[in-house]
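Trainee: requesting a structural model of the entry that follows:
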Amino acid sequence: MPQQKLTKGLEKGVGFLGRVVEKLVGQAKKAKEKVGTETSGLHPIMALESRLSLAKIRQLIDLVGDRFMMQTLPPLREKTVLELGENPLRFQKTILEKKPKVFCGMVVDDNLPTLLAPASSLVLKGNLKSIPFENDFFDCVVAHIATPHQGDVVSAFKEIGRVLVPGGTGFILDYHPFGLYAKSGTGRMRSIQATIRGLEDYYKMCRVASLSITDMHEGFIDDTLRNQFAASEEMNAFREIKGTPLVLFLQVTKKRG
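Mentor: From the prediction side, this is the model:
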């Protein structure tokens with residue numbers, strides 16, 4: 001008799017467990033179907049590097065980044081300005097046209113160019129983790145860190161905050177955290193050291209660096225870039241990746257006191 005009760009109890013328990021599993025499987029199927037039919041703002045279909053060459057992605061990043069930077073850079077007369085980026089420095093000409101009191105540039109890759117610049121300018125090679133200038137030195141920092149040489153982005157933000165004067169302004173262009181750039185191997189868009197996972201990470205980094213975000217813009221692969229896809233195979237790629245996040249542009253201010 002006890003044996004029969006035990007057997008019936010086990011059968012009942014197994015039956016209950018089976019029903020629970022079936023219910024969970026059903027819920028998972030419904031959730032999958034729902035995700036497949038819903039559309040939202042940020043849902044890249046595939047890694048950009050699976051559809052475009054690195055050179056093409058860099059071209060698109062530069063086009064969108066230029067648009068943000070040119071629209072946002074303020075008058076710089078009597079300002080001390082630092083530009084950070086790859087060789088060649090992308091915004092040097094534009095900055096110099098705004099007549100800053102002092103312009104300094106720092107390239108973060110291995111090839112230091114021979115640059116013709118006014119006597120009040122200085123261009124050198126360096127590392128974003130250790131900018132070779134004193135604290136509170138620059139009124140404005142322009143940083144293009146959408147580069148495989150960016151390394152530790154947290155340290156880069158800290159260094160930008162360190163060299164800015166209190167009340168100084170920074171303009172920072174980076175990969176969009178939801179863009180899919182980091183394929184395996186040596187040909188990476190984003191450094192393997194980068195730990196950015198979402199927009200909230202930028203607010204955290206700025207707090208640590210005594211910076212406040214005063215403006216933020218997101219750049220996507222959209223219809224404004226359609227004319228950059230000429231060949232038929234490129235147009236197919238454009239249709240597949242349209243809407244994919246590309247860059248993030250930040251305007252920051254160093255806190256006073």
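Trainee: how about the strands in the stretch 151-257 of the chain?
Mentor: 164-175, 211-220, 245-254 (DSSP state E, counting those that start in this stretch).
Trainee: among those, which is nearest I61?
Mentor: With Cβ to Cβ, the closest approach to I61 among the strands of the stretch 151-257 of the chain belongs to strand 245-254: 5.6 Å. (C-beta placed from N, C-alpha, C; glycine too.)
Trainee: what angle do that closest one and strand 211-220 make?
Mentor: For strand 245-254 against strand 211-220, the angle between stretch directions is 160 degrees (axes from the mean of the first three to the mean of the last three Cα atoms, to 10 degrees).
Trainee: mean confidence for strand 245-254?
Mentor: Regarding strand 245-254, the rounded mean pLDDT is 94.
Trainee: that strand pairs with which strands, and in what direction?
Mentor: strand 164-175 (antiparallel), strand 211-220 (antiparallel) (DSSP bridges).
Trainee: any idea which of those is most buried?
Mentor: Mean neighbours per residue, mean count of other Cβ atoms under 10 Å, is largest over those for strand 164-175, with a mean of 22.
Trainee: columns distance to R77 on top of the strands of the stretch 151-257 of the chain, output as JSON lines?
Mentor: Formatted as JSON lines, those follow (distance: least, Cβ to Cβ, whole Å):
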{"stretch": "strand 164-175", "distance to R77": "14"}
{"stretch": "strand 211-220", "distance to R77": "21"}
{"stretch": "strand 245-254", "distance to R77": "19"}
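Trainee: so what's the residue nearest to N127 when sequence neighbours are not counted up against?
Mentor: Spatial nearest neighbour of N127, chain neighbours left out: V108 (6.7 Å); criterion: Cβ to Cβ, 6 or more residues apart in numbering. By Cβ atoms under 8 Å, 6 or more residues apart in numbering, the contact list for V108 reads L84, G85, E86, K125, G126, N127, L128, T147, H149, Q150.
Trainee: L76 now?
Mentor: Taking Cβ under 8 Å, 6+ apart, we find L76 in contact with I95, K98, K99, P100, D139, C140.
Trainee: and those residues, which of them are in helices?
Mentor: Among these, the members found in helices (DSSP state H) are I95.
Trainee: sheet partners, orientation included, of the helix or strand that contains L124?
Mentor: Taking DSSP states H and E as the criterion, L124 maps to strand 121-125. Applying DSSP bridges, strand 121-125 is found paired with strand 102-107 (parallel).
Trainee: return the alpha-carbon coordinates of the strand it pairs with using PDB.
Mentor: What follows is strand 102-107, C-alpha atoms only, in PDB (Å, rounded to 0.1, in the frame of the first residue of the first chain):
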ATOM      1  CA  VAL A 102      46.300  78.500 -29.200                       C
ATOM      2  CA  PHE A 103      45.700  75.300 -31.100                       C
ATOM      3  CA  CYS A 104      47.300  72.000 -30.100                       C
ATOM      4  CA  GLY A 105      46.700  68.600 -31.700                       C
ATOM      5  CA  MET A 106      47.500  65.100 -30.500                       C
ATOM      6  CA  VAL A 107      47.300  62.100 -32.900                       C
END
